[in-house]
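>>> need coordinates for the following:
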Amino acid sequence: MQHPVQYVVVETPDGEAVGYVWADYTAGTLKWARRTATGVDGYRFGETWAAKVAEAGERGVPLAGALTRLARDAGTGPPVGVCGPEAVDELARAVTEADDRRLLAQLDHGGIEAWQELADAYAALTDDDRDVRWGGGEKNANGATQWPYPVYSRPLWRVVRALWGIGAVTPEYRWSAAPPPVVPPHGRLRPADAVRAATFLAVGERVNEGSVDEAVRSGLFDAMAVALLDRHAAHASQ
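I've put the predicted structure just below:
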């Protein structure tokens, strides 16, 4: 065996790569690496393959034979050899132009009122609105300490609510499977990354309170709003 690891790419019928079946010949294991940037349909398709790979691993078929059989099922070509698992992990983390286009397609540029609401809400924000206070932390009568929670101003939360109206909050971005968005060194987000940030903030805040506060302090919140509004302005001028 020339390479310690071989993989096969798995694609949906329309050509979206959803994951990789890979064999680790050093460890003697067959594994499935889901591509984190897939959308809803890609995720579901990948789930069927995760089950297929698990079933193949339980059959006790020699590793090379199992991978070759799965390669035929995938129909994307013979197994590809790489130097180690890190190469497969890198492929699984990759974000493609098709991923960006899928997210940008969620934006509803026809909802003029919704975009105006976002623009007005963002323009109305003050420094005081961005200064998020935190409540909680006090001990109750029974001695239990109340969990801290952010207290967002109405104007700040108005911007977050407006993100839903323009389609920037979408299940097509599986935020829990991806690393949190960050502001790049030059301070500007790409439009697709702004959709990722909007989904992460609007939905993630429900799971991890304080996400919006952290985004305001890091500059992600403002970068997101500016990128979305610039994208809509460019679309409207076409």
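>>> and the next element down the chain from the helix or strand bottoming out on mean pLDDT in the chain?
When the helices and strands of the chain are scored by mean pLDDT, DSSP states H and E, strand 133-135 comes last with a mean of 91. Sequence-wise, the next helix or strand downstream of strand 133-135 (DSSP states H and E) is strand 149-151.
>>> give me the buried stretch members for that following strand, please.
Judged by neighbour count using 16 or more other CB atoms under 10 Å, the buried positions of strand 149-151 are residue 150. The way it works is simple: take the backbone N, C-alpha and C, and place the C-beta from them, glycine included.
>>> how about stretch 67-77?
For stretch 67-77, by 16+ other CB under 10 Å, it's 67-68, 70-71, 74.
>>> what are the contacting residues of it?
6, 8-11, 21-23, 30, 52-53, 56, 61, 78-79 (CB atoms under 8 Å, 6 or more residues apart in numbering).
>>> ok, 6 Å please
The contact list for stretch 67-77 (CB atoms under 6 Å, 6 or more residues apart in numbering) reads 8-11, 21, 23, 78-79.
>>> for the least confident helix or strand of the chain, packing partners?
Packing partners of strand 133-135 (3 or more CB pairs under 6 Å, 6 or more residues apart in numbering; DSSP states H and E): strand 149-151.
>>> filter the buried residues of stretch 67-77 down to just the ones in helices.
67-68, 70-71, 74 (DSSP state H).
>>> quick one, grab the pLDDT at residue 187.
Model confidence at residue 187, given as pLDDT, is 86.
>>> circling back to that earlier point, need the contacts of stretch 67-77 in TSV (columns: distance to residue 171, neighbour count and pLDDT).
Output for those, formatted as TSV (distance: CB to CB, whole Å; neighbours: other CB atoms under 10 Å; pLDDT from 0 to 100):
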residue	distance to residue 171	neighbour count	pLDDT
8	28	23	97
9	24	18	97
10	21	29	97
11	21	15	96
21	25	26	97
23	32	27	96
78	34	11	94
79	33	20	95
